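S.K.: Sequence and predicted structure, then a few things I'm wondering about:
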2 protein chains.
Amino acid sequence: MSDIAFLDHVSFNEQGLVPAIAQDADSGQILMMAWMNRDALLETVRRGEAVYFSRSRGRLWHKGESSGHVQHVHEIRLDCDGDTLLLSVSQEGGIACHTGRARCLFRKLDEGQWLTTDPVIRDPKAIYKEKHDE
Amino acid sequence: MSDIAFLDHVSFNEQGLVPAIAQDADSGQILMMAWMNRDALLETVRRGEAVYFSRSRGRLWHKGESSGHVQHVHEIRLDCDGDTLLLSVSQEGGIACHTGRARCLFRKLDEGQWLTTDPVIRDPKAIYKEKHDE
């Protein structure tokens, strides 16, 4: 099973999770941060698409499974301490956030207030026929 | 104390921490991910330089305090769930990692192995006169 030996270099936390940052491969923009367990990381490698672990639902979450907003993974990086992952991705539909925005990091601190800087590209009601997946 | 009301929109975890991603303002490269508590975030805003909370030392960590590799903060972003911060920074010395590399995310997954892709810019022994700070 040497093909999964790379997992041993990843420091999962006490909940068995590691943070994974998704960066747009073209723009360099940070889209989101989510969590992976061992299975999520393995599935991400196997599929070539981002699979996270949903803490709220307690199960693997294939990003885009209900919205169609899949993340195609070009590269996976690990930091010096082995406790942070960075994914370089192409974002299907150009929308990473469940609010219908390109990225989840759509607020910036401006004179002591969080200012929403990014527009909603598509109404979440139109994206998610049932309840949203993220 | 309305000038710190922005803190109420940040979802600190059960340890009182939130992950903070540092992105180079010029290159867009992700330099590192560290953690902040309320005081760290307040100090970051106050100083205009990244101040994290060191989990290993259990205290505030003014990034660069011993290496000189301070991060000048241009922008602070918050995600949709309020549980991830993104800092846009200028990295003093061009070295974010305690290994003497530009960024902590210096390994990439390559055919099932973590391949070190980034060179050491400066020997850590030369950076840290005493013990290293990160």
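M.R.: That came through fine.

S.K.: who touches stretch A:79-88?
M.R.: A:9-11, A:13, A:18-23, A:25, A:36, A:41, A:44, A:50, A:71, A:73-78, B:30, B:32-33, B:97-99, B:101, B:104-107 (Cβ atoms under 8 Å, 6 or more residues apart in numbering or on different chains). All C-beta atoms are positioned from the backbone trio N, CA, C, and that covers glycine.

S.K.: same thing but at 7 Å, please
M.R.: Outside stretch A:79-88, the residues that touch it by Cβ atoms under 7 Å, 6 or more residues apart in numbering or on different chains are A:9-11, A:18-23, A:25, A:36, A:50, A:73-78, B:30, B:32-33, B:97-99, B:104-106.

S.K.: Need the buried ones from the residues you listed selected in PyMOL.
M.R.: Buried subset of the contacts of stretch A:79-88, written as a PyMOL selection, criterion 16 or more other Cβ atoms under 10 Å in any protein chain shown:
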select buried, (chain A and resi 10+18+19+20+21+22+23+25+36+50+73+76+77+78) or (chain B and resi 30+32+33+97+98+99+104+105+106)
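
S.K.: Quick check: A:Leu17 touching A:Ser54?
M.R.: No - when contacts are counted by Cβ atoms under 7 Å, A:Leu17 is not listed as touching A:Ser54 (10.8 Å).

S.K.: re earlier: in strands, which of the contacts of stretch A:79-88 appear?
M.R.: Those of the contacts of stretch A:79-88 mapping onto strands are A:18-23, A:36, A:73-78, B:30, B:32-33, per DSSP state E.

S.K.: and which of the residues you listed is nearest A:Arg122?
M.R.: Proximity of these to A:Arg122 (Cβ to Cβ) peaks at A:Ala22, which lies at 18.5 Å.

S.K.: pLDDT wise, what is the closest one at?
M.R.: Per-residue pLDDT puts A:Ala22 at 98.

S.K.: Now do the helices in chain A.
M.R.: A:38-47, A:124-127 (DSSP state H).

S.K.: Can you mark which positions in the longest one are buried?
M.R.: Translated: helix A:38-47. In helix A:38-47, counting by 16+ other Cβ under 10 Å, buried: A:Ala40, A:Leu41, A:Leu42, A:Glu43, A:Thr44, A:Val45.

S.K.: quick one: which of these is nearest A:Val89?
M.R.: Among the buried residues of helix A:38-47, and counting by Cβ to Cβ, the member closest to A:Val89 is A:Thr44, at 10.0 Å.

S.K.: Chain neighbours aside, what residue packs nearest to the closest one?
M.R.: A:Val51 (4.8 Å; Cβ to Cβ, 6 or more residues apart in numbering or on different chains).

S.K.: what's across from that neighbour in the sheet?
M.R.: Here A:Val51 sits in beta bridges with A:His62, as judged by DSSP bridges.
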